[in-house]
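*Asks:* One predicted model, sequence on top.
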Amino acid sequence: MPLEPKFITNEPAVLFGKTLVIADLHIGVEYELYRSGIRIPKQTEKLFARIKKLIKTTKADRLVLLGDLKHFIPYLSIQEIREIPKFIEELAKLVKVDIVPGNHDGDLKKLLTGDVEFHDTKGFRLDNVYFNHGHSWPNKDILDSEYLIIGHLHPCIEFRDKLGFRFIEQAWIRLNLDKRMLLSHYKSHETNRKVKVLEVIIIPAFSKFVGGRPFDTDGQSNSPMIRLADAKNARAYMLDGTEIGKLAKLGKKM
């Protein structure tokens, strides 16, 4: 039976069957902020508590960490070395854990202990869903998928009032890929191949301290897959489920 997305109200997390998916935890971002003169309490325990609660409430038995589990690049920070092994080990006691590395995850594999499935940067397919961080091309399994789930872009929507005050809220972005361009990229020899409707779902960052990209005003994208997307018809949804509408009507095109 094909898996369908179920968004978790007021959390940047999505459920496919019993598989919970989150992205962009950026463990260790506190260290970088500290070096910039900003002090915030360590967040790793709070991240773990949020995930544990989500696992319990959704009854998930599998967790996909969709890239940028760590923050410091290109190497490992002292904080990451100290905190990530225990963090992952404790998660693996609760559910099966899959990790798809992101662009911040250099040397991450050295820190992993316990029973964890560590995929390559191309990601992997589970039934009709393909999981990829968003900074690299998936493998050809994407041609047999109905959903592509990515993080990486930290999607948000920017709001302004008549007085010029502005605020930014996290948002889900949903859009479709151009199937012909997708086949062309993979140079499929199956010219008559029918590619299923491929919907892209961009997950907001799970960390609250990494900022975001206002998709309604920012005209750039550093994800290769989004360049094949039908940006005009992309839709935005707030974390509470409110549908904002098409991005093309909210501001500049992506």
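*Replies:* Arrived safely.

*Asks:* what are the ranges of the helices in the stretch 101-250 of the chain?
*Replies:* Taking DSSP state H, counting those that start in this stretch as the criterion, the stretch 101-250 of the chain contains helices spanning 179-185, 247-250.

*Asks:* will you turn those helices into JSON lines that also has mean neighbour count?
*Replies:* Any C-beta I mention is one placed from the backbone N, CA and C, and that applies to glycine too. Supplementary listing: the helices of the stretch 101-250 of the chain in JSON lines, determined by neighbours: other Cβ atoms under 10 Å:
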{"stretch": "helix 179-185", "mean neighbour count": "14"}
{"stretch": "helix 247-250", "mean neighbour count": "17"}
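
*Asks:* Can you tell me which of these is nearest to residue 134?
*Replies:* Distances from residue 134 to each of those were compared using Cβ to Cβ; the shortest belongs to helix 179-185, at 15.4 Å.

*Asks:* Now that closest one: average pLDDT?
*Replies:* Computed over helix 179-185, the mean pLDDT rounds to 81.

*Asks:* What's the biggest strand in the chain, counting residues?
*Replies:* Once the chain is assigned using DSSP state E, the strand that runs over the most residues is strand 166-176.

*Asks:* Same list, the helices of the stretch 101-250 of the chain, but as CSV with distance to residue 211 please.
*Replies:* Formatted as CSV, the helices of the stretch 101-250 of the chain follow (distance: least, Cβ to Cβ, whole Å):
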stretch, distance to residue 211
helix 179-185, 30
helix 247-250, 19
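
*Asks:* Quick one: closest of those helices to residue 212.
*Replies:* Judged by Cβ to Cβ, the one of the helices of the stretch 101-250 of the chain that comes nearest to residue 212 is helix 247-250, at 14.3 Å.

*Asks:* and that closest one, what's its mean pLDDT?
*Replies:* Helix 247-250 shows a mean pLDDT of 72.

*Asks:* Residues in contact with that helix: which ones?
*Replies:* Taking contacts as Cβ atoms under 8 Å, 6 or more residues apart in numbering, the residues outside helix 247-250 that touch it are 157, 173, 215-216, 231-236, 244, 253-254.

*Asks:* ok, and the most crowded of the residues you listed?
*Replies:* Neighbour counts for the contacts of helix 247-250 were taken using other Cβ atoms under 10 Å; the highest belongs to residue 215, with 28 neighbours.

*Asks:* Distance check, the closest residue to that residue other than its chain neighbours against residue 234.
*Replies:* Distances taken as Cβ to Cβ, 6 or more residues apart in numbering put residue 155 closest to residue 215, at 5.1 Å, once the chain neighbours are dropped. If you measure residue 155 against residue 234 using Cβ to Cβ, to the nearest Å, the figure is 10 Å.

*Asks:* now do residue 50
*Replies:* As it turns out, when the distance is counted by Cβ to Cβ, residue 50 lies 27 Å from residue 234.

*Asks:* now do residue 205
*Replies:* As it turns out, when the distance is counted by Cβ to Cβ, residue 205 lies 18 Å from residue 234.

*Asks:* how about the longest helix seen in the chain: buried residues?
*Replies:* Secondary structure of the chain per DSSP state H: the longest helix is helix 78-94. Along helix 78-94, the positions that meet the burial threshold by neighbour count (16 or more other Cβ atoms under 10 Å) are 79, 80, 81, 83, 84, 87, 88, 91, 92.

*Asks:* re earlier: quick check: neighbours shared by residue 155 and residue 234?
*Replies:* Each of 173, 215 lies in contact with both residue 155 and residue 234 under the rule Cβ under 8 Å, 6+ apart.
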